[in-house]
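Participant: What follows is a predicted structure for the sequence shown.
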Amino acid sequence: MLRAVKFMLLAAVLLALAWWVGGLPGSVTAHAGPYVVTTSTPAALLLLLLIALLLTVLLRVLGGIRRAPGQFGAWRAAKRAAAGEAATLRGLAALAAQDARAAKAEAAKALKLAGETPLALLLSAEAARLAGDATQAKSAFAKLTQHKELKFLGHRGLLRASLEAGEHDAARQHAEAAETAYPGAAWTRAQRLDLALRTGDYAAALGLTQDKHEIAALATAAARQATTPAQALAFAKRAVKADPLFAPAVAALANALRALGKERAAKKALRAGWEAAPHPLLAEAWTPADATPLERAREAPELAAANPGHVESELLLAQADLAAKLPGEAARHAQAALEAGGDDGRAQAILDQLAGKPAQPSRFAWLCDSCHHAQPDWAPVCPVCHKIGSLRWRAPGTALV
Ligand SMILES: [Zn+2]
């Protein structure tokens, strides 16, 4: 309704305008050199209108001709980008199918058609990695690190490549960059932990786990490799706090306290450890390394008294007496150990040695919970299955000590 009214109003105005122009009096004369043209005013106005209309159409046509090459280029670029995207998608499918050759070919096509777009670069890097072309993979991942959104993927690729090549310093740098690019990623944390363990940097590894068992093992190892006694003490305290029954941690704490001149505190820690869970490592740490066998035999009863009658207490006394050449006492304590249930071969070995018989070696060892690997010395990580804190002191086939 409103449109009809508008149309009628416009028609009326135009009609009135035409009527007014048609009724204009007078004439218009144009001079051009020797030529003179005279016409009525309405005809001159109509001519002017026609010229303006023609000029407008001409300008439009000229503008279109001028823009044509650009528009053609844009159309071609869009076509290439679409073809590049299709190649990228085919490459991703080839990558998932583990078809390295096809993935690499599609990646090359995608790069040629679409240029170095982040997705084409990622495809190119992963395809090169799958094909075993480390140099090309590295170059493509390095380019990805320049991209704001895919920076993490770039550093992730470079970290994996550095780890595979055994370049630990470069791996550490990429691990830190990956952490910055994508904070808190579980993958990065696992890689950083693996890297710290590979390089034996237990202090760094310690900051990457929440598990109490792992903390006790890693803090003990960090205390053992600390460069100052104060540092060693801090790590050892952390280890004992995480697992107060863990003998290597208690021994490390005692050693650190002794290194700082705190002999009484060291002995107190060892007595508490012995009371809770006696272990040969605590017996070893009880007297300084340079003590004579006689000094050891003299000091052993004080530690044994923290857990009287225990198999380990009797064994501690028997071994100290044997080393100090006190055969009567050694035999008595070895017998007591046997009677207290020490049938793992250690008490019998002392009795055999006293009787001049060849002694059987102890069956006790540090055994891995996970893969059952056995070794005589404790280590924070199983050398076979690489599990942290998995080594336990026991004889094969016996319960945990
Ligand atoms: Zn293992």
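Facilitator: Looks like it came in fine.
Participant: The stretch 251-400 of the chain: strands as residue ranges?
Facilitator: Counting by DSSP state E, counting those that start in this stretch, the stretch 251-400 of the chain has these strands, from start to end: 365-368, 374-375, 391-394.
Participant: For the ion, which of those is the nearest?
Facilitator: Between the ion and these, the shortest gap by CB to the ion is with strand 365-368, which sits at 3.1 Å. For the C-beta atoms, the positions are set from N, CA and C on the backbone; glycine is no exception.
Participant: Neighbouring strands of the closest one in the sheet, and parallel or not?
Facilitator: Applying DSSP bridges to the sheet, strand 365-368 is found paired with strand 374-375 (antiparallel), strand 391-394 (antiparallel).
Participant: ok, and what's touching that strand?
Facilitator: Around strand 365-368, the neighbours that count as contacts under CB atoms under 8 Å, 6 or more residues apart in numbering are 373-379, 382, 384-385, 387, 390-396.
Participant: How about stretch 32-42?
Facilitator: Taking contacts as CB under 8 Å, 6+ apart, the residues outside stretch 32-42 that touch it are 21-22, 24-30, 47.
Participant: Please identify which pair of those lies farthest apart.
Facilitator: For the contacts of stretch 32-42, the farthest-apart pair by CB to CB is G22 and A30; their separation is 20.6 Å.
Participant: and the residue of the stretch 51-200 of the chain found nearest the ion, what is it in contact with?
Facilitator: Each residue of the stretch 51-200 of the chain has a distance to the ion, by CB to the ion, and the smallest belongs to L197, at 13.1 Å. L197 makes contact with 205, 381, 386, 388 under the criterion CB under 8 Å, 6+ apart.
Participant: Against which helices or strands is the helix or strand where the first one lies packed?
Facilitator: By that I understand A205. Following DSSP states H and E, the helix or strand that holds A205 is helix 202-206. Helices and strands touching helix 202-206, by 3 or more CB pairs under 8 Å, 6 or more residues apart in numbering; DSSP states H and E, are helix 186-198, helix 212-225, helix 229-242.
Participant: And these: which comes nearest R80?
Facilitator: helix 186-198 (35.0 Å).
Participant: Of all the residues in the closest one, which ones are buried?
Facilitator: Along helix 186-198, the positions that meet the burial threshold by neighbour count (16 or more other CB atoms under 10 Å) are 188, 191-197.
Participant: next one: stretch 173-182
Facilitator: Of the residues in stretch 173-182, those scored as buried under the neighbour-count criterion (16+ other CB under 10 Å) are 174-175, 177-179, 181.
Participant: distance of A251 from the ion?
Facilitator: Summarising the geometry, the distance separating A251 from the ion, computed by CB to the ion, to the nearest Å, is 22 Å.
Participant: wait, doesn't T117 sit right on G84?
Facilitator: Yes. Counting by CB atoms under 8 Å, T117 touches G84, with 7.2 Å between them.
Participant: which residues are common contacts for the two?
Facilitator: Common neighbours of T117 and G84 (CB under 8 Å, 6+ apart) are A110.
Participant: Of the two, which one has the most company?
Facilitator: Relative neighbour count places G84 above the other of T117 and G84, with 20 against 17, counting by other CB atoms under 10 Å.
Participant: so how far is the helix or strand the more buried one falls within from its chain's centroid?
Facilitator: Using DSSP H and E, the element containing G84 is helix 41-96. Relative to its parent chain, helix 41-96 has a centroid offset of 50 Å by CA atoms, centre = their mean, to the nearest Å.
Participant: With stretch 297-311 instead?
Facilitator: What separates the centre of stretch 297-311 from the centre of its chain is 47 Å, taken as CA atoms, centre = their mean.
Participant: Export only the CA atoms of it, formatted as PDB.
Facilitator: These are the backbone C-alpha positions of stretch 297-311, laid out as PDB (Å, rounded to 0.1, in the frame of the first residue of the first chain):
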ATOM      1  CA  ALA A 297      81.100 -53.600  66.400                       C
ATOM      2  CA  ARG A 298      81.200 -51.200  69.300                       C
ATOM      3  CA  GLU A 299      78.500 -48.900  67.900                       C
ATOM      4  CA  ALA A 300      76.200 -51.500  66.300                       C
ATOM      5  CA  PRO A 301      74.300 -52.400  69.500                       C
ATOM      6  CA  GLU A 302      73.000 -48.800  69.900                       C
ATOM      7  CA  LEU A 303      71.300 -49.000  66.500                       C
ATOM      8  CA  ALA A 304      70.100 -52.600  67.100                       C
ATOM      9  CA  ALA A 305      68.500 -51.500  70.300                       C
ATOM     10  CA  ALA A 306      66.100 -49.300  68.400                       C
ATOM     11  CA  ASN A 307      64.400 -52.500  67.100                       C
ATOM     12  CA  PRO A 308      65.500 -55.400  69.500                       C
ATOM     13  CA  GLY A 309      65.100 -59.000  68.300                       C
ATOM     14  CA  HIS A 310      64.400 -58.000  64.700                       C
ATOM     15  CA  VAL A 311      66.100 -60.200  62.100                       C
END
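Participant: Report the rounded mean pLDDT for it.
Facilitator: Mean pLDDT, stretch 297-311: 93.
Participant: same thing with stretch 107-116?
Facilitator: Across stretch 107-116, pLDDT averages out at 89.
Participant: Excluding its own residues, what touches it? List them.
Facilitator: Under the contact criterion CB under 8 Å, 6+ apart, stretch 107-116 has outside partners 80-81, 83-85, 87-88, 91, 117, 119-121, 123-124, 127-128, 143.
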